[in-house]
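Participant: What would the 3D arrangement of this be:
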Amino acid sequence: MGLGQTSRVPWGQAVAGVLPIYLLIHFALRLQEGNTLRWDESEQTLFSQRLALGYNDQPPIYTWLLWTVFQVTGVSLLGLHVLKSLILSAFYIGTYAAARKLVEPKFALLGTLSLLLTPYFAWTALIDGAHTLFVAAFVPVAFLVVLRLLDRPSSGGFALLGLVVGLGVLAKYSFAILAVAIPLSLLTMPAYRSRLKDPRLLWTVAVAAIVVLPHAWWLHSHWQLVSERPMARSGVVERSAFTERIVTGLSSLSRTSLLSVGSLLTVLLACFPKGCVRILLQPAESDRVRWLGRWLTIVCAILIVLVLLGVSKFRTHWLIPLLVLFPAYVFARFAECPSPAKAQRQLLALVTLVILAVIAVRLAGVISDSHEGGKNWGQAKMHAEVASHLSAHDLEQATIFGDHPIACGNIRRSFPHATVVCSYYPAFVPETQGDCYVAWEATHLAEPMPGFREWLEKRGLQVRYEQVVFFEIPTEQPNRGLRRIGFAPAQTK
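Facilitator: A predicted model of the protein is given here:
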C-alpha cells in the first residue's frame, strides 16, 4: 500500500508501536555505555541533593522532577534516563498530537518523524542535555491548549494556559519568547483577535505569575551569581560598535539556525520542491495553519529584536524549542495540495536510515568502550578508581568540595549520602556535614587552580596536600577534557 492511500493505514497505532521500541533501544544503549556521567547528567545529579527555588542559570523544574525520580530509583544513571525517556515520549506524542490538529495522520507522522533529520533530535537529545529537551515538550502542549481556547474558551482553559506558560518558563527561560509571541500572533488574525479581549485572559496572567514568581524572586536575589555566564555566552557584555554588534549577531543567528534546521530544510527542498515554493508564494488555507505560521514568524522577529538589544552570540540548543513546530507547519502546507507518494517514501527512508545509523554508531561506541583504548574507556576507569578509593573513607556523612562539575557529579552518584559542593555553581551551596575533602581538576596543575584555592580559603578550608592522591586517564587516551583528578582531605582553619 502506498503512502498516498491513507484510509487503511493506522498511523496513530504506528507511532504508538514504534516510539516505545525506539526509546527502549536508546535507553538500553545509554545504560550499556557505562555509569560515567556526562556534563548535564553530572550537573543535575549534583543539584538533586535538595529541593530549592533555583540552582544556577537554568530554571529549577527539571531538577525537581529528577529529585522525585531519585526517591524511587536512587541516585543513578537509571533514574536520569527514566526521566529523559519519559520526556522524550511526551515530546513525540505531543508533537504528533499537535500536528494532527492541522493535518491528516499521514502528514502528522511525517512532520513528527522529520525532526529526526535535525542534528539535535537525531543525536544530541539522546546523548546529553536536560532543559532544552524538557522545554521542547511544552511547545506542542502550549499549541494544543491555545487551539482549545480558540475553539471553546473557558475559565479553566485560560487558567490551564497560564499553568503551561509558567511551567514552560520554569523549564527553560527561552519559552518566554514563545509565550510573548502567542498574543502578538493572535493580534494578526481577525478570526482570533477577539480572544485577547476576553476578561478571562486575566486567569492566564495570574496563574503564570503565581507559578513563576517564587523562582523569579530567587533569581533576583542571586542575579550577580547566576548572570555572568549566560551574559558572556550571549555576547551581551562585549563592548563593540553598534553596527559591528548587529552584524555579528545576525551572522551568529543565521549560522546557528542553519546548523539547527539546515539539514531538514535541505531534505524538504529536495523531496518537495513544489510544496516549498507554494509555501513561499501562497497563504495557508486554514486559520489554524495560518496562525501557526505567524506565530513562528513573530518568534523569528523577536530573535532579531534580541540582536538589536545586544545579543551577538547564539547557540544551537537555544533555538531548538523555537523550531519544534516548524515541520508541523511545513507538512500542513504540503497537505494542501497533492504530494507525490514517492517523495513521502523517500523522506521516510531517510528518517529510517538516520535512526539505524545513530543506533549503529552508539552500538559501535558501546563495543569500543568495553575494551581498553575505547573513546570513553579512560574516563570510566578514572572515575571508577576515584569511587574505589573514596569508598575506603567514611564519606556517608562527609562534605566534598570540588571545582569540576563532571567530577562532582560522579562522586555524588557514587556516594549519594555525602554532601558535594561545586565551585562552578556559586548559587548552589548545600549545608555541609562531617569531615571535609577536596577533589579538583589536576589535568594541568598538581595543586588546585588559583580561583578554586581562593574559593576554598573563603570557606576557611586548608587542603592537606601531603595526603593527596591523583587519579588520571592513561596518557594514550585522546581525551581533551577532564584527564586527572586530585583528592585530599581538608581541615578548617
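Participant: What is the longest strand of this structure by residue count?
Facilitator: With DSSP state E setting the assignment, residue counts place strand 484-492 as the longest strand in the chain.
Participant: Note down every partner strand of that one and its orientation.
Facilitator: strand 436-441 (antiparallel), strand 461-463 (antiparallel), strand 469-472 (antiparallel) (DSSP bridges).
Participant: and the ones you listed as JSON lines, adding distance to residue 319 and mean neighbour count?
Facilitator: Glycine gets a C-beta too; all of them are placed from N, C-alpha and C. Putting those into JSON lines (distance: least, C-beta to C-beta, whole Å; neighbours: other C-beta atoms under 10 Å) gives the following:
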{"stretch": "strand 436-441", "distance to residue 319": "31", "mean neighbour count": "24"}
{"stretch": "strand 461-463", "distance to residue 319": "41", "mean neighbour count": "18"}
{"stretch": "strand 469-472", "distance to residue 319": "38", "mean neighbour count": "16"}
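Participant: what's residue 83 in contact with, if anything?
Facilitator: For residue 83, the contact set (C-beta atoms under 8 Å, 6 or more residues apart in numbering) comprises 65, 66, 69.
Participant: any idea which element it lies in?
Facilitator: Secondary structure assignment for residue 83, by DSSP states H and E: helix 77-100.
Participant: helices or strands next to whichever helix or strand comes after that helix in the packing?
Facilitator: Counting by DSSP H and E, the next helix or strand C-terminal to helix 77-100 is helix 105-113. Contacts defined by 3 or more C-beta pairs under 8 Å, 6 or more residues apart in numbering; DSSP states H and E place helix 105-113 against helix 11-32, helix 77-100, helix 326-334, helix 341-369.
Participant: now the next helix or strand after the longest one and strand 436-441, what's the angle there?
Facilitator: When you say that, I think you mean helix 341-369. Moving toward the C-terminus from helix 341-369, the first helix or strand encountered (DSSP H and E) is helix 377-390. Calculated by axes from the mean of the first three to the mean of the last three C-alpha atoms, to 10 degrees, helix 377-390 forms an angle of 170 degrees with strand 436-441.
Participant: who touches the helix or strand following helix 377-390?
Facilitator: Moving toward the C-terminus from helix 377-390, the next helix or strand (DSSP H and E) is strand 399-402. Strand 399-402 is touched from outside by 408, 411, 415, 418-423, 432-440, 456, 459, 461, 490, with contacts defined as C-beta under 8 Å, 6+ apart.
Participant: Partner strands of strand 399-402 and their direction?
Facilitator: Per DSSP bridges, strand 399-402 is paired in its sheet with strand 419-422 (parallel), strand 436-441 (parallel).
Participant: Tell me which of those sits nearest to residue 140.
Facilitator: Nearest to residue 140 among the strands paired with strand 399-402 is strand 419-422 (34.4 Å), distances taken as C-beta to C-beta.
Participant: Got phi/psi on the spatially closest residue to residue 154 that is not a sequence neighbour?
Facilitator: Nearest non-adjacent residue to residue 154, counting by C-beta to C-beta, 6 or more residues apart in numbering: residue 200, 7.6 Å away. Note on residue 200: its backbone torsions stand at phi -70, psi -10 [degrees, to the nearest 10].
Participant: Just the element for the residue nearest the centre of the chain, please.
Facilitator: The centroid of the chain falls nearest to residue 132 when counting by C-alpha atoms, centre = their mean (2.0 Å). Per DSSP H and E, residue 132 falls inside helix 131-151.
Participant: Residue ranges in the protein under the pLDDT threshold?
Facilitator: 1-16, 370-377, 475-481 (pLDDT under 70).
Participant: quick one: residue 129 is in a strand?
Facilitator: No. Assigned with DSSP: H, G, I helix; E, B strand; the rest coil, residue 129 falls outside any strand and is coil.
Participant: Kindly tell me how buried it is, as a neighbour count.
Facilitator: 18 (other C-beta atoms under 10 Å).
Participant: Touching, it and residue 316? I think so.
Facilitator: No. The criterion here is C-beta atoms under 8 Å, and residue 129 misses it with residue 316 at 11.0 Å.
Participant: Pull the contacting residues for the residue nearest to residue 154.
Facilitator: 153, 154, 155, 158.
Participant: out of those residues, which are inside helices?
Facilitator: Within those, residues falling in helices by DSSP state H are 155, 158.
Participant: Now tabulate the contacts of residue 200 in CSV and tack on neighbour count.
Facilitator: Listed next are the contacts of residue 200 as CSV, based on neighbours: other C-beta atoms under 10 Å:
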residue, neighbour count
153, 15
154, 12
155, 12
158, 22
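Participant: which pair in the contacts of residue 200 spans the largest distance?
Facilitator: Among the contacts of residue 200, 153 and 155 lie farthest apart (C-beta to C-beta), at 8.6 Å.
Participant: Could you count how many residues lie near the residue lying closest to residue 314 once chain neighbours are set aside?
Facilitator: The shortest distance from residue 314 to any non-neighbouring residue, by C-beta to C-beta, 6+ apart, is to residue 256 (4.2 Å). Residue 256 has 19 neighbouring residues, counting by other C-beta under 10 Å.
Participant: Tell me the buried residues in stretch 123-135?
Facilitator: The neighbour-count check on stretch 123-135 (16 or more other C-beta atoms under 10 Å) flags 123, 124, 125, 126, 128, 129, 130, 131, 132, 133, 134, 135 as buried.
Participant: which one of those sits closest to residue 111?
Facilitator: residue 125 (17.1 Å).
Participant: need the contact list for residue 189.
Facilitator: Counting by C-beta under 8 Å, 6+ apart, the residues that residue 189 touches are 287, 290, 291, 294.
Participant: and the end-to-end length of stretch 223-230?
Facilitator: Counting by C-alpha to C-alpha, to the nearest Å, you get 11 Å between the two ends of stretch 223-230.
Participant: cool, and stretch 437-453?
Facilitator: 13 Å.
Participant: how close does residue 48 get to residue 61?
Facilitator: 13 Å (C-beta to C-beta, to the nearest Å).
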